[in-house]
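Colleague: sequence isn't available, so here's the structure alone:
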């Protein structure tokens, strides 16, 4: 790899917080105990759809040790959605049910007591009288003309509709030599972060509320909690301790955040609530099940002319981040390939299932499953090698897609070529023995988004770096590391610019009172957007030091360089001064004032078309990434069980900042993609979850992992810090289609949906054998 | 979730343990490794006002050889069974079955006695009262009158899923049980009632002290094969144990036991009859597997259809017998 000239960029750097995490010293929200703290528990609806007739909490209130019991009456009448500020009419959820419940697990009553056991026990003494309503559990049921309305004011149970239409799709199909249409379905899975949702709130007598919470979005939570409580934003302080994973399931406020705040206000004591694993599985966040009808028109040589899709998402009972999820489900289909004519419809429906949220890759695993299996079908039909077909159509650097994505770097071709070579595709494709197969898929993702989620007055990312006279530097940042490794990346970027070692850089976790704002830790934005801010802050700091030194040494500031913990005059035989001496000198020159570098990153409207959320035109992201996966499988002909033996993946992450970090992320993406394709499935009957634990929800274990080979492609994005782009999220998408394509290659059977069980495969194998 | 409050005893003799269980009749439970009981208590699926910890009782945690009997103490961990030098050769299927259980962490804690007496499982049963009440109707296993799996059924369809029992049963193992009436030596098969809601034909104060396995003859070989989704943690979808004694290529004795197909381990007697007295061949094994497919009706309690599970009975009976035959050929070569 091209690491020349860099001291820390591209190196395998262990996590800056790794040792504390490994030794159990790192403090998570669940570790926080405050004096007088109470423990909360939530009573949830046992019914998928019901009117609340009455709630009797009197017995529970009389239990010794119970301090407060709250119901829908005790919370402000401000509905919530994660998009409540950007799409105000999307707000549809009260964190304690008002008049009715919309899924099994909907929050009805919250209790605070002196111990978790007493709070739990108190739930048994609350009597809620329900009048059950007819419920819908599938999109097909939700769209029936006589279907019950889940939200009275939303006709047809349609939560969000997105239409994108560019070029002339119908003309495109007419001009195509080959047109095909396929239907794909996907199932229900969950993020499975190690740390469940947890929060501690302390609403003190000054009228300020401090919230420690396991979240991806401290600044969004601060804004939203203030809106709901109708208090000034400055009266909400959100502190993010270490977080054990988010994957999209901790974006925005969750019901427990508000429950803790209200219970704390009522009792005058801090209150902590932690969801159990069962609550996570049955009533928290999930990936949207999708139904995708997709049509493609190509020329004889495989060139794509037209693409059309109708996407339907089962959103569950509430909105969450519905508008963005629905928008992106369509947007993914415009990425990766040159497609002159596209028309995508995407809709999210309300059902009486537990609400769905973004999950690693947003909705790209669903969209790529459809798109990439269809590409395989086209290749087969036209007799073109699947890699060749994708090579021919892949986007290249400099391209602008018909809906306005500007591809600033990279391209699909190098990823395809490298993964083809690495997997010895040509030697294996259609040449493996029976029941062994190889299949592939392309993928692509964005690198951050251009949405002003905190309002136009707040930049995407701002970072301050303070120089310390002991030769270290401290990063003040609002970037939310939820385990993805962004703290380490920011330390590396600062260290590289300042000529320091990673160990010389301190970084503190987010505290909205003291950290400069950063939007949110989603859409693969931290390295690109906050990384740029960190780089600029480090440059700013360095310039301040160089200015002082320039005066002292009577040199030009351009003559200085920072490396090896020292600052040198370029080309001089002098040893220069140490970083510590430079900081001390600078402070002495400025009456002892500390030195701070400042840096920010915001989308540049001059460079890219502003995103239009109505038409879908514009560049969603400042940079786009590409990737490709080849999967090898063995199918057990007696049981139908599939074993994935190898996953070869190439990923264009612009430039690797932390080699260990990116390898870990790609391995994690393989595990999550494998789980999605072959193992994981939330089984639901009448809205009730049958497998809410890690015994019956089959997340793949270490022994189930195939051999994995990571192939890095470094396209050096002009806008990225040191050329870096997304390196964490995108690879979940192509694993499923690559495996399903490989199963086809092994058995001749084409599966177009998930879940895919051994039983389904055996049934098809037997059917095929019977036909032969 | 945390454990509920309970009274705790740590008796030092098995008789004291039996007395304590008898004294708190029905409200006390014996605690060995705890891997089955403690999570159920945490989830409030089962109740115990009193826990009688058996771990302080000496002499129940060893594997010894007395003449032609191998004695395994009930508190022996599955991890210790995996490692035991006495469970090698043609007793290796016992240590393999122990290794097939759960994960390393579980096997280092879980005991053989607990594994044999683990609660039957049902997708609809093993959930906490998360919502102040179970979201499922009160089923047979919770003392109710319905089955949530087979909606109109008059009986419970919970499944026994132990991995070690089928091998012990194929070996004709006996259990030494201590109870209020003293000591009894029972066939292992006698402890299983076949009822999903109350899987054990033992009294609440009965404790398994020891498992006795008669060493198989040198011409006897066996195997345990397990079908599961993941390489670790999972209970079997189907587990099959086989033992065959063969003299000059003729099967003198055959035992086939299955787990995870019913509320108790099940013997495939008709499949055994196919093998008995016949000349061992691939065709014969195929016939026996087809016979097992015919005679066993697995409970569809794993998220799979009865059709598929029946197919898996055939596949895994065949694999168990084939592996036995191969080991036999390897052993005699």
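Modeller: Yep, it's here. Treat the numbers as computed from the prediction; the structure is a model and nothing was measured. Residues are numbered from 1 along each chain as shown, chains lettered A, B, ... in the order given.

Colleague: how about stretch A:168-182: buried residues?
Modeller: Residues of stretch A:168-182 classed as buried: A:169, A:172, A:173, A:176, A:179, A:182 (neighbour count, 16 or more other CB atoms under 10 Å in any protein chain shown). All C-beta spots, glycine's among them, are computed from the backbone N, C-alpha and C.

Colleague: now swap in stretch A:595-607 and tell me
Modeller: Buried residues in stretch A:595-607, counting neighbours by 16+ other CB under 10 Å, are found at A:595, A:596, A:597, A:598, A:599, A:600, A:601, A:602, A:603.

Colleague: and for stretch A:19-26?
Modeller: residue A:26.

Colleague: now the end-to-end length of that stretch.
Modeller: Across stretch A:19-26, the terminal residues are separated by 9 Å (CA to CA, to the nearest Å).

Colleague: off-centre distance for it?
Modeller: Offset of stretch A:19-26 from its chain centre (CA atoms, centre = their mean, to the nearest Å): 24 Å.

Colleague: which residues touch it?
Modeller: Residues outside stretch A:19-26 that contact it (CB atoms under 8 Å, 6 or more residues apart in numbering or on different chains) are A:15, A:17, A:242.

Colleague: again, but for stretch A:258-275
Modeller: Under CB under 8 Å, 6+ apart, the answer for stretch A:258-275 is A:29-30, A:32-42, A:67-68, A:70, A:74-75, A:80, A:95-96, A:107, A:110, A:112, A:196-203, A:205, A:209, A:211, A:225, A:228-229, A:256, A:284.

Colleague: swap in 6 Å and give it another go.
Modeller: For stretch A:258-275, contacts defined as CB atoms under 6 Å, 6 or more residues apart in numbering or on different chains pick out A:30, A:34, A:36-40, A:67-68, A:70, A:75, A:95, A:110, A:112, A:196-203, A:209, A:256.

Colleague: are any of the residues you listed buried, and which?
Modeller: A:30, A:37-40, A:67-68, A:70, A:75, A:95, A:110, A:112, A:196-203, A:209, A:256.

Colleague: might you name the residue of the stretch 151-300 of chain B sitting closest to chain A?
Modeller: Minimum separation of the stretch 151-300 of chain B from chain A (CB to the nearest CB) falls at residue B:231, amounting to 3.6 Å.

Colleague: tell me who's in contact with that residue.
Modeller: If you count contacts by CB under 6 Å, 6+ apart, then residue B:231 has A:703, A:704 around it.

Colleague: doesn't it fall inside a helix?
Modeller: No: using DSSP: H, G, I helix; E, B strand; the rest coil, the secondary structure at residue B:231 is coil, not a helix.

Colleague: so, low pLDDT: which residues of the stretch 1-150 of chain B?
Modeller: Counting by pLDDT under 70, the stretch 1-150 of chain B has low-confidence residues at B:128-134.

Colleague: any idea how many residues pack against the residue in the stretch 601-750 of chain A positioned nearest to chain B?
Modeller: Closest to chain B within the stretch 601-750 of chain A is residue A:703: 3.6 Å, counting by CB to the nearest CB. Residue A:703 has 10 neighbours, counted by other CB atoms under 10 Å in any protein chain shown.

Colleague: coming back round to it: in strands, which of the buried residues of stretch A:168-182 appear?
Modeller: Members of those lying in strands (criterion: DSSP state E): A:179, A:182.

Colleague: of the buried residues of stretch A:168-182, which pair is most distant in space?
Modeller: Greatest spacing in the buried residues of stretch A:168-182, by CB to CB: A:172 and A:182 (17.3 Å).

Colleague: with adjacent residues omitted, what lies nearest to residue A:32?
Modeller: Spatial nearest neighbour of residue A:32, excluding adjacent residues (CB to CB, 6 or more residues apart in numbering or on different chains): residue A:200 at 5.0 Å.

Colleague: from chain B, how far out is residue A:266?
Modeller: According to CB to the nearest CB, to the nearest Å, residue A:266 stands 21 Å off from chain B.

Colleague: how about that residue, phi and psi?
Modeller: phi -70, psi -40 (degrees, to the nearest 10).

Colleague: any idea of the pLDDT on it?
Modeller: Looking at residue A:266, its pLDDT reads 98.

Colleague: any part of the lengthiest helix in chain B near chain A?
Modeller: Ranked by residue count and defined by DSSP state H, the top helix of chain B is helix B:306-332. Yes: contact of helix B:306-332 with chain A (CB under 6 Å from any CB of the partner chain) involves B:308, B:315.

Colleague: what's the mean pLDDT across that helix?
Modeller: Summarised as a single mean, pLDDT over helix B:306-332 is 94.

Colleague: then stretch A:652-672?
Modeller: What stretch A:652-672 shows for mean pLDDT is 95.

Colleague: same question, stretch A:106-123
Modeller: Mean pLDDT, stretch A:106-123: 95.

Colleague: would you confirm that residue A:737 contacts residue A:373?
Modeller: Yes: counting by CB atoms under 6 Å, residue A:737 does reach residue A:373; the two are 5.1 Å apart.

Colleague: so between these two, which is more surrounded?
Modeller: Using other CB under 10 Å as the criterion, residue A:737 and residue A:373 rank with residue A:737 on top: 29 against 25.

Colleague: would you agree the more buried one falls within a strand?
Modeller: No: counting by three-state DSSP, residue A:737 is not found in a strand; it is helix.

Colleague: pop the domain breakdown of the chain in here.
Modeller: Assuming you mean chain A. Split into domains by automatic domain parsing, chain A comes to A:18-25+A:451-601, A:32-133+A:194-245+A:251-283, A:358-450+A:611-771.

Colleague: you answered for a different chain; I wanted chain B.
Modeller: Domain assignment of chain B by automatic domain parsing yields the ranges B:1-58, B:63-117+B:159-214, B:220-332.

Colleague: give the contact list for the closest residue to residue A:643 other than its chain neighbours.
Modeller: Closest residue to residue A:643 apart from its sequence neighbours, by CB to CB, 6+ apart: residue A:634 at 4.8 Å. Residues near residue A:634 by CB under 6 Å, 6+ apart: A:436, A:643, A:645.

Colleague: just the buried ones from the residues you listed?
Modeller: Buried subset of those (neighbour count, 16+ other CB under 10 Å): residue A:436.

Colleague: before we move on, back to that, adding distance to residue B:303, write the contacts of stretch A:19-26 out as TSV.
Modeller: Shown next, in TSV, are these (distance: CB to CB, whole Å):
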residue	distance to residue B:303
A:15	38
A:17	39
A:242	35
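
Colleague: return a PyMOL selection command for the buried portion of the residues you listed.
Modeller: In PyMOL, a selection of the buried entries from the contacts of stretch A:19-26 looks like this (16+ other CB under 10 Å):
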select buried, chain A and resi 15+17+242
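
Colleague: among the contacts of stretch A:19-26, which one lies nearest to chain B?
Modeller: Checking the contacts of stretch A:19-26 one by one against chain B (CB to the nearest CB), the nearest turns out to be residue A:242, at 22.3 Å.

Colleague: residue A:224 versus the closest one, what's the distance?
Modeller: 22 Å (CB to CB, to the nearest Å).

Colleague: one step back: quick one: secondary structure of the residue nearest to residue A:643?
Modeller: Following three-state DSSP, we place residue A:634 in the strand state.

Colleague: so where's chain A uncertain?
Modeller: Using pLDDT under 70, chain A drops low at A:1-3, A:573, A:606-609, A:772.

Colleague: what ranges do the helices span in chain B?
Modeller: Taking DSSP H as the criterion, chain B carries its helices at B:14-23, B:37-42, B:78-83, B:92-99, B:104-107, B:112-116, B:165-170, B:269-275, B:282-295, B:306-332.
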